[in-house]
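Peer 1: Predicted model and sequence follow; I will ask about them next.
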Amino acid sequence: MLSQKQLFLLNTAQTSHTPRLLQIEKSEGNYLYDTEGKKYLDLVSGFAVSNIGHRHPAVIQAIKQQLDQYLHVTVYGEYVQSPQVNFAATLAKVLPHNLSSVYFTNSGAEATEGALKLAKRYTGRNEIIAFKNSYHGSTHGALSVMGNELYKQAYRPLLPGISFIELNNEQNLELINEKTAAVILESIQGEAGVRVANPSYFKKLRDKCNETGTLLILDEIQTGFGRTGKLFCFEHYDIQPDILLTAKGMGGGMPIGAFISSKEIMGTLAENPILGHITTFGGHPVSCAAGLASLKVILEEKLYADVPQKEELFRTLLKHPRIKETRGLGLMLSIQLDSFEKVEKVSDYCTKNGLIIDWFLHCETAMRIAPPLTITTAEIEFACETIREALDAIYE
Ligand code: PLP
């Protein structure tokens, strides 16, 4: 009989030749447990998803309660489903007033797709400006605004009318003009290895969008829900997007995303023709119930409040001669090493020693630090000590 790992390799579509092959039996709080009973501290949060930890009791309770009421009942946007209504209303309450209309999707990439369509529809324009080294998902539209040729070349033709500019390059902002439907960017470039823009750059970008009637789409799919020390990262920059993208940490571990805009902008999807964007499962009631429970935990426990102190502790304890740079904001950090080979070795060492750490799609020489916001001081100490030990061992 084939083992689970063999069946995984045989029948589950593979996306690389080097999957991690950890077989997880259970997850709880800041830990994953494998089938051999080994415990791992999660420094990745399933890629910025488990912001409140794994299987938070409030999320589990909300899911169970919804399971007893209904699952899927109809396509998105027809029946009044309380989990959607309550989640959207709570999001609208904590967001600026221009972000009051929430379109729920199943994933981040779908939120990107919806936002690109919405921007074209509302402005009547068809050009989009995106950023070098960006990542907004893997579907065709999202791939079209991805700033990495390596992952795009095999899939052309992609969407026409897309130009790429460089983060923090103010001169490039001149390319935004009256033909530009939208500028799309991540509030912090995640897969580029965590690159933070200057707050002054964001202000200038916002001004240029206002001047030209261009919509600003901010992708907070990784940065959202407290990860950077604010509920949303744009709060650090003192600007507001016209369309906000969320997913990942939104669902407390359940699949959900959203593009969020004003009632006026979003309203165009219901006009001429109607049904401008439709989805069967978007805003699934169980995902919305879980998402609302997770948001309440973040807000009530102010899980973002001590994120700056936790960032500081990571930065203090991650001092090592082999770490060339520590980048990021809050609990969205990266440490820069000098090669992919070293990154892989550190990762292997850490996994063997009970710590999950990973790297980035567009930056294989840096390591990803994105733990649940609930990580404790003792856990940060353990994580940093393990990383330092790994660096000592592989560079000796
Ligand atoms: N946008 C950003 C910034 C992301 O990091 C990701 C996923 O890593 C996505 C979009 C796509 O989200 P999903 O994988 O849910 O489609």
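Peer 2: Alright, I've got the coordinates.
Peer 1: for the protein, what spans make up the helices?
Peer 2: Listed in chain order, the helices of the chain (DSSP state H) span residues 4-11, 45-48, 57-67, 82-94, 108-123, 140-144, 149-152, 199-212, 234-237, 263-267, 285-300, 307-317, 340-352, 377-395.
Peer 1: Mean pLDDT, distance to Asp358 and mean neighbour count added to the ones you listed, as JSON lines?
Peer 2: Glycine gets a C-beta too; all of them are placed from N, C-alpha and C. Conversion of these to JSON lines gives the following (pLDDT from 0 to 100; distance: least, C-beta to C-beta, whole Å; neighbours: other C-beta atoms under 10 Å):
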{"stretch": "helix 4-11", "mean pLDDT": "96", "distance to Asp358": "18", "mean neighbour count": "11"}
{"stretch": "helix 45-48", "mean pLDDT": "97", "distance to Asp358": "8", "mean neighbour count": "21"}
{"stretch": "helix 57-67", "mean pLDDT": "98", "distance to Asp358": "23", "mean neighbour count": "16"}
{"stretch": "helix 82-94", "mean pLDDT": "98", "distance to Asp358": "29", "mean neighbour count": "18"}
{"stretch": "helix 108-123", "mean pLDDT": "98", "distance to Asp358": "17", "mean neighbour count": "25"}
{"stretch": "helix 140-144", "mean pLDDT": "98", "distance to Asp358": "21", "mean neighbour count": "20"}
{"stretch": "helix 149-152", "mean pLDDT": "95", "distance to Asp358": "17", "mean neighbour count": "12"}
{"stretch": "helix 199-212", "mean pLDDT": "97", "distance to Asp358": "28", "mean neighbour count": "16"}
{"stretch": "helix 234-237", "mean pLDDT": "97", "distance to Asp358": "25", "mean neighbour count": "20"}
{"stretch": "helix 263-267", "mean pLDDT": "98", "distance to Asp358": "35", "mean neighbour count": "15"}
{"stretch": "helix 285-300", "mean pLDDT": "98", "distance to Asp358": "22", "mean neighbour count": "23"}
{"stretch": "helix 307-317", "mean pLDDT": "98", "distance to Asp358": "16", "mean neighbour count": "17"}
{"stretch": "helix 340-352", "mean pLDDT": "97", "distance to Asp358": "7", "mean neighbour count": "17"}
{"stretch": "helix 377-395", "mean pLDDT": "97", "distance to Asp358": "12", "mean neighbour count": "17"}
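Peer 1: show me what contacts the residue lying closest to Tyr151 once chain neighbours are set aside?
Peer 2: Of all residues not flanking Tyr151 in the chain, Leu143 sits nearest, at 7.1 Å (C-beta to C-beta, 6 or more residues apart in numbering). With contacts defined as C-beta atoms under 8 Å, 6 or more residues apart in numbering, Leu143 is in contact with 137, 151-152, 155, 158.
Peer 1: any chance of the residues you listed in JSON lines, plus distance to the ligand?
Peer 2: As requested, the contacts of Leu143 are exported to JSON lines (distance: C-beta to the nearest ligand atom, whole Å):
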{"residue": "Gly137", "distance to the ligand": "4"}
{"residue": "Tyr151", "distance to the ligand": "12"}
{"residue": "Lys152", "distance to the ligand": "15"}
{"residue": "Tyr155", "distance to the ligand": "16"}
{"residue": "Leu158", "distance to the ligand": "16"}
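Peer 1: Show me which residues of the stretch 101-250 of the chain are close to the ligand?
Peer 2: Residues of the stretch 101-250 of the chain lying near the ligand by C-beta under 6 Å from any ligand atom: 107-109, 112, 135-137, 186, 190-191, 219, 221-222, 247.
Peer 1: at 5 Å what do you get?
Peer 2: Residues of the stretch 101-250 of the chain that fall close to the ligand, judged by C-beta under 5 Å from any ligand atom: 107-109, 136-137, 186, 190, 219, 221-222, 247.
Peer 1: Tell me the one of the contacts of Leu143 nearest Ala383?
Peer 2: The shortest distance between Ala383 and any of these, using C-beta to C-beta, involves Gly137 and amounts to 28.6 Å.
Peer 1: how about Pro308, what does it touch?
Peer 2: Going by C-beta under 8 Å, 6+ apart, the list of residues near Pro308 reads 229, 330.
Peer 1: distance of it from Leu333?
Peer 2: Going from Pro308 to Leu333 by C-beta to C-beta, to the nearest Å gives 12 Å.
Peer 1: now Ser144
Peer 2: Applying C-beta to C-beta, one obtains 29 Å for the distance of Ser144 from Leu333.
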